[in-house]
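>>> Please find the sequence and the predicted model below.
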Amino acid sequence: VEREWIQAGHPFQLRCAHSAFSHARPKHEAPTFLLFLDCVWQLGHQFPLSLEFGEGLLLALFEHAYASPFGTFLCSSEKER
């Protein structure tokens, strides 16, 4: 996740709608990361012995991507971070 999403510059700020002042749905909001987490969850259920982590990690990643208590997913690039 760190290398493929965060370091690659996925625009979490735009895609996860991290604007406290926006009540309307932004044009660039898209659940791309959520869809990725869902795909990994589906693979974990199809092949339960193939992954080295459980759904607890996926839920934690989801919560951090949308609530972001530590700021990991708040920015859209390394430069902004």
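That came through, no problem.
>>> Can you list the low-confidence ranges for this protein?
17-29, 75-81 (pLDDT under 70).
>>> and if we set it to 90?
Within the chain, the stretches falling below the threshold (pLDDT under 90) are 1-34, 62-81.
>>> And the helices in it, which stretches?
All helices of the chain, identified by DSSP state H, fall at 12-15, 32-46, 55-66.
>>> Quick check: which of those is buried the most?
Across the helices of the chain, the average number of neighbours (mean count of other C-beta atoms under 10 Å) peaks for helix 12-15, which reaches a mean of 19. In this view, the C-beta of every residue, glycine as well, is placed from N, C-alpha and C.
>>> now for that one, which elements pack on it?
The helices and strands touching helix 12-15, judged by 3 or more C-beta pairs under 8 Å, 6 or more residues apart in numbering; DSSP states H and E, are helix 32-46.
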